[in-house]
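> The following block contains a protein sequence and its predicted model.
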Amino acid sequence: MKPDNKTTFWSKYKKYLILSFILLGFLLTVIITPGIMEGTNTQAGSLPTWQVNNPVSKVFVMDNIPPTAGSLAAGNSTVPDAYLDDPAIDTLLLMMRTQGIYLYKTATHPDGIVGSNDIVIIKGSFQWDFRNTTSTDRIKGLVWQILQHPDGFTGEILVGDNTQWAPIGEDDNNSEDPNQCILDVINTFHSKGYPVYLFRWADIMYNVVTEYSKGDYNNGYTYDPATKISYPKFKSPSGNHYISLRYGIWNSNTHTYDHDRLCLVDFPVLKAHGWTGATLAIKNWVGVLTVAYQNERYGGGDPMHFNYMFGEFALPARVMQVTYPKLTIIDAAWTNPERNYGNIAVQLNMLLGSTDPFAASWYAAKYMLTPVAYYPERTNPDNVGGLYNKCLNNWINCMHDSGFAVTKDSSEISVYDRSVLSAPSVFNLTVNVSDGWNMVSVPGLNPNGMGLGNWWPNRLGDVFKFGNGYEPITTTTPGTGYWMMNNGAQTYNYPAIQIVPHNPINAVAGWNMIGGYELSVASAGITTVPPGLKNGIIYKLSNGYQPATTIDPGYGYWINLTDAGQIIIPETMAKREKSAEWFPQDWPKILLTDNQGRNYTLYCGQDNADLSQYELPPAPPEGMFDVRFETNKIAEKLGTEIKKIHLSGVAYPLTIRTEGIDIRLTDDMGKVLKSNLKSGEELTINDATIKKIGVSSAELPREYSLDQNYPNPFNPTTTIQFATPKDAQLKINIYNILGENVLTIAENTYEAGYHKVTFNASSLPSGIYIYSLENSDPTLKSEQRFIQARKMVLIK
């Protein structure tokens, strides 16, 4: 679907004309003038707040909202990015975050509202016009915040509504600048290349369809005659996704739904209503279902509304049960104090947010709408027998019958205002530690103190930081990483760690142990002052040193700088960069697994790789599992030259496997462990005295060679290794010190490659012997023959 064009003069006033006929039909005496008959800044006074223990729901309120950043009336890419922001939405989401409700779903906050690849549907209110529609300033602010997802937003955002008979156009322009309508907002984002679209469900509400799982790929509304539940399913305007508001995102290849990727946002405008008393979050959900085929399905329009929607049948609640919104925001910048249409709006300059649409509706009706309502007995949710009281009771009873944890009971609701931003902000911290040494940090202030016992009561011995070597500490500092030995594996839980400023971390040239703050951020987003000091990979501890893609609160990390400077941890709103690809897929690997199941991977870098970027941090405390090349790198170039691998803290037997390369393996004394370990093959080392392994490429030798026997001196057995560049008939002879041939220990045809034989000298006396490798093919001419000899010593 392409971005929308602004409507014509006829479309602009179409709603007014249709509204006139409807009002005449109901014999209402209302005069609608084309002018704007708005009230002044009439406020109901400061909004009450309170907190209860273990609240079922939390509500966040603002009784005075700041101006928006700028107008999007141009509706194109010329609009500055700075205008896309809305400080009111920013503040509301920040308030929610202080109480553990996060907009962004991340690895640190898996219960967040919006995932980086979600399909987000913002259900606004656009049936009527001007101040009776959801604020386009608030919508643009929410869209902009979602696009700033710290993991990078790769999903889509759809603003939708079923406006029944009404179009969506220029008169949906509730904003500080009346020239900015919802079309301008959508078109501005779309023209800047963002995946933001408008979808009019009214266009498909008469299409009766079934679910994708039944093979129906048409756009339309499903309808259940028994429950009367209906909801839209449609292909996204981009054409990339099949969306069911009930089941989620349909995968046409696997024939499965992904409900977790669907994020619904309920975004009504606060106003009175002639039939229900108030239009809020649940009444706004009438725009999710279809009112098509009223006579056949409900017996007419009146029964549909009063029996099914507003009566005990509670149809909007039934629909909400299968299409439950993850976030509710109630726009109360303006409100209609009498009904849901007409130009009699009153400016309240308020905003409310919650994850419970019922708690949000109850509070907004009672404390925002009722104080200014023309008929407060209708809007007050606690007025027994009043219109809104009846409807809200019917709806919430339906939800409770189905087990939903929603409430309109003030004793189960905590209400917060902007004072939470001036109070010390706290967060919950959970850190999992292993038995033994751990790399840890402190991301904030512990209310019980910053001493070691306040953080790690089950530690053993000292805690160390890294400076001039490892130095013991007695108190902790945010931003610094530490080594801590714990007595057993356990989880440390800290319920109220105070957030601290994200101060730059002073660092030296070379390796530094650091920690992050309260948020999980991408390691690729770390910067330095001066710029460009970061050198190579940032490491965490996980069965040895592993590349860290995120900096998580409570854990320690190694970072290497080319010079002294400051390390800058990304802020909460910093957009995450794509993680660096340190190890291309075509790099061969050497994989080591010890007897405790600990795995480590070393890499074989290609010729064009800058291996200075692959240095590993200083060795961990003695006895810990650690595998590295002798050059202190995680990657090396392998050729015929032997590169040593250091092994520390390994539980034997040790298994070595390769991928993408054939290698030759020796121990530290040069003894051949495997002349040609082919890609995909494994070698098991049982000898626990082997602490170093020599590795080289197992490419075919270029010439004949005879290696020194091992061990030497020996008694009575030793191993002799030799190489041949091609298939050949070879023999190994043993000579005494007089040059007399005493034994021939091998005579065979050998394939090109590396070979070894074992010589048992138990029948020979002690002494010095000569062993030789020579061609034994009688057809070879003398100049084609090869012979090489070495000395060995037998000591008995």
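Noted; the coordinates are in hand.
> Which residue lies nearest the spatial centre of the chain?
residue 106 (3.6 Å; CA atoms, centre = their mean).
> is it true that that one touches residue 112?
Yes - using CB atoms under 8 Å, residue 106 is in contact with residue 112, at 6.1 Å. The way it works is simple: take the backbone N, C-alpha and C, and place the C-beta from them, glycine included.
> wait, what's in contact with the residue nearest to the centre of the chain?
Shown in contact with residue 106 (CB atoms under 8 Å, 6 or more residues apart in numbering): 112, 116, 150, 151, 520.
> could you check the distance from the residue nearest to residue 298 when sequence neighbours are not counted over to residue 315?
Closest residue in space to residue 298, ignoring its immediate chain neighbours: residue 304 at 3.7 Å, by CB to CB, 6 or more residues apart in numbering. Separation of residue 304 from residue 315 (CB to CB, to the nearest Å): 8 Å.
> And residue 488, by the same measure?
Residue 488 sits 55 Å away from residue 315, going by CB to CB.
> So these two - more neighbours on which side?
More crowded of residue 488 and residue 315, by other CB atoms under 10 Å: residue 315, with 25 against 10.
> Just list the residues touching the more buried one, thanks.
Counting by CB under 8 Å, 6+ apart, residue 315 makes contact with 228, 229, 289, 308, 309.
> What does it show for phi and psi?
phi -60, psi -40 (degrees, to the nearest 10).
> Where does pLDDT dip in the stretch 501-650 of the chain?
571-580 (pLDDT under 70).
> how about a cut-off of 90?
501-503, 518-522, 524-525, 527, 529, 531, 569-582, 584-586, 605-610, 638-642 (pLDDT under 90).
> Tell me which stretches of it form strands.
For the stretch 501-650 of the chain, the strands defined by DSSP state E, counting those that start in this stretch occupy 505-507, 510-515, 521-522, 527-529, 539-541, 545-547, 550-551, 556-561, 565-568, 589-593, 599-604, 626-629, 635-636, 643-648.
> I'd like the contacts of residue 106 as a markdown table, with neighbour count and distance to residue 258 appended.
Below are the contacts of residue 106 laid out as a markdown table (neighbours: other CB atoms under 10 Å; distance: CB to CB, whole Å):
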| residue | neighbour count | distance to residue 258 |
| --- | --- | --- |
| 112 | 19 | 17 |
| 116 | 17 | 14 |
| 150 | 23 | 21 |
| 151 | 17 | 17 |
| 520 | 18 | 23 |
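> quick one: least confident of those residues?
Ranked by pLDDT, the contacts of residue 106 bottom out at residue 520, which has 86.
> could you list every residue that touches the closest residue to it other than its chain neighbours?
With sequence-adjacent residues excluded and distances taken as CB to CB, 6+ apart, residue 520 is closest to residue 108, at 3.2 Å. Contacts for residue 108 (CB under 8 Å, 6+ apart) come out as 519, 520, 550, 552, 553.
> Farthest-apart pair in the contacts of residue 106, please.
Longest distance between any two of the contacts of residue 106 is 12.8 Å, between 116 and 520; criterion CB to CB.
> picking that back up, in a strand, the residue nearest to residue 298, correct?
No - judged by DSSP: H, G, I helix; E, B strand; the rest coil, residue 304 forms no part of a strand; its state is helix.
> And this protein, split by domain according to the record?
Using automatic domain parsing, the domain parsing of the chain gives 9-416, 427-568, 589-697, 705-794.
> Can you lay out those as TSV showing distance to residue 582?
Listed next are the domains of the chain as TSV, based on distance: least, CB to CB, whole Å:
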stretch	distance to residue 582
domain 9-416	19
domain 427-568	6
domain 589-697	8
domain 705-794	32
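> helix or strand for the nearest residue to residue 736 once chain neighbours are set aside, which one?
Of all residues not flanking residue 736 in the chain, residue 742 sits nearest, at 5.4 Å (CB to CB, 6+ apart). Residue 742 is part of strand 741-750 when elements are defined by DSSP states H and E.
> and that strand, what other elements does it pack with?
strand 728-735, strand 753-760 (3 or more CB pairs under 8 Å, 6 or more residues apart in numbering; DSSP states H and E).
> List the pairing partners of the first one within its sheet, with orientation.
When pairing is defined by DSSP bridges, strand 728-735 lines up against strand 741-750 (antiparallel), strand 767-775 (antiparallel).
> next one: the last one
The pairing partners recorded for strand 753-760 under DSSP bridges are strand 717-724 (antiparallel).
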